[in-house]
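1. The following block contains a protein sequence and its predicted model.
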Amino acid sequence: MDRLRGNDRCWCGSGRKHKKCHGDVRVLQRPPVQLGAVSAPREVPAEIQRPDYVSVGSITTDTGYQVHTPEELERMRVACRVAAEVLSTTGAAVAPGVTTEELDAIAHEAYIERGAYPSTLHYGGSRDYPKSICTSVNGVVCHGIPDDRPLAEGDIVNVDVTAFIEGMHGDTSATFCVGALDVATQGLVETTREATLRGIAAVAPGEPLVRIAEAIEPFAASRGYSVVREYGGHGIGRTFHAAPHINHCITPGDSQRFETGMTFTVEPMLTTGVDSYRQAGDGWTECLVDSMPSAQFEHTVLVTDVGVEILTVDSSGRSPAGTLADLEAEATPA
Ligand code: MF3
Ligand code: CO
Ligand code: CO
């Protein structure tokens, strides 16, 4: 993949070298995120339905393609709408001085108000994820655990929400800016949002899965970013993580085809520096080895008769992760 280099002209059209513009390491570099103290898991009222991994302690639902009857699809729409609403509510609370634990508390209430269970809470069997959302700050690439670290001006934080309601999971995330942000980090965030929407827009029945990666990886590279290879999207519905695995990096042999009625996520992580990471001692938080910022957006989507529909939108059809209408309105030349 031809990745824009430091001495190339920046992608933004400023005429400056990339390394003096959106690729300026001195601006992008952040100290490693210090992990804080994690409080006790929050309680969920007994009347809210739990997923099987919580109620019986193991996954009993099918992990194959998640294709839906019309009745199931209606339930899937509810789960996805709730996830989008929880994401908007939580994202609106992002500000300097707010801790990620406070974001978790806001999200937790928002799920419960809607009768939903936070899918991540006690997910993962023996590893038992302890919180109701994931919050990944700066060089944390994914699966950050909400803790008592206050967000600082200039940070970016990905908030990842998964709601379980009416027997279905809906999964969506967005990266939010904390206070005023430098243009280089803003460029990463905006490019990641656009890359996610471009990946989604490439979905159509009968096309091979690789179309998503073909839309994402070269676009990211043209702006000097890497795409994390190991973490992909996933089928979702009755089961949180199901088939197919969705690669965001071009992978030979990715020739299975999209089928009408399938639901899955698209959720690329873009990095400004290297794309190698290590897991923290908590068994979840994935930290980039160079602590350079990374961003991620995620939607749950449905393959329709003619193309694709984003399911993780609120009742007005909007989302902090953007929509296909936003992509049409804002798309920039690759
Ligand atoms: N929501 C994440 C995803 O997009 C999964 C988080 S699993 C957790 O697939 F256990 F880390 F919370
Ligand atoms: Co997901
Ligand atoms: Co998610």
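-> Here it is on my side, so go on. Residues are numbered from 1 along each chain as shown. Ligands and ions are numbered 1, 2, ... in the order given.

2. Wait, a helix at Ala110?
-> Yes: assigned with DSSP: H, G, I helix; E, B strand; the rest coil, Ala110 falls within a helix.

3. Near it, how many other residues are there?
-> 23 (other Cβ atoms under 10 Å). No exception for glycine: its C-beta is placed from N, CA and C like everyone else's.

4. so what's it up against?
-> If you count contacts by Cβ atoms under 8 Å, 6 or more residues apart in numbering, Ala110 has them with 85-86, 89-90.

5. which of the residues you listed count as buried?
-> 85-86, 89-90 (16 or more other Cβ atoms under 10 Å).

6. Turn the residues you listed into TSV, columns for secondary structure and pLDDT.
-> Below are these laid out as TSV (DSSP: H, G, I helix; E, B strand; the rest coil; pLDDT from 0 to 100):
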residue	secondary structure	pLDDT
Glu85	helix	99
Val86	helix	99
Thr89	helix	98
Thr90	helix	99
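
7. Now find how far off-centre stretch 6-14 is within its chain.
-> 27 Å (Cα atoms, centre = their mean, to the nearest Å).

8. For Arg127, report the pLDDT, please.
-> Note for Arg127: predicted pLDDT of 89.

9. what do you get for Met1?
-> Value listed for Met1 in the pLDDT field: 75.

10. That one and Glu217 touch, don't they?
-> Yes: contact criterion Cβ atoms under 8 Å: Met1 and Glu217 qualify, at 5.9 Å.

11. any residues in contact with both of these two?
-> Joint contacts of Met1 and Glu217 (Cβ under 8 Å, 6+ apart) are Ile250.

12. Looking at these two, which is more packed in?
-> Neighbour totals were compared for Met1 and Glu217, and Glu217 leads with 25 against 11 (other Cβ under 10 Å).

13. Does that one belong to a helix, a strand or coil?
-> helix.

14. Dump the buried ones among the contacts of Ala110 into CSV; add distance to ligand 1 as well.
-> Shown next, in CSV, are these (distance: Cβ to the nearest ligand atom, whole Å):
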residue, distance to ligand 1
Glu85, 16
Val86, 12
Thr89, 17
Thr90, 13
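
15. Make JSON lines from these and add distance to Ile200 to it.
-> Putting these into JSON lines (distance: Cβ to Cβ, whole Å) gives the following:
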{"residue": "Glu85", "distance to Ile200": "20"}
{"residue": "Val86", "distance to Ile200": "20"}
{"residue": "Thr89", "distance to Ile200": "23"}
{"residue": "Thr90", "distance to Ile200": "22"}
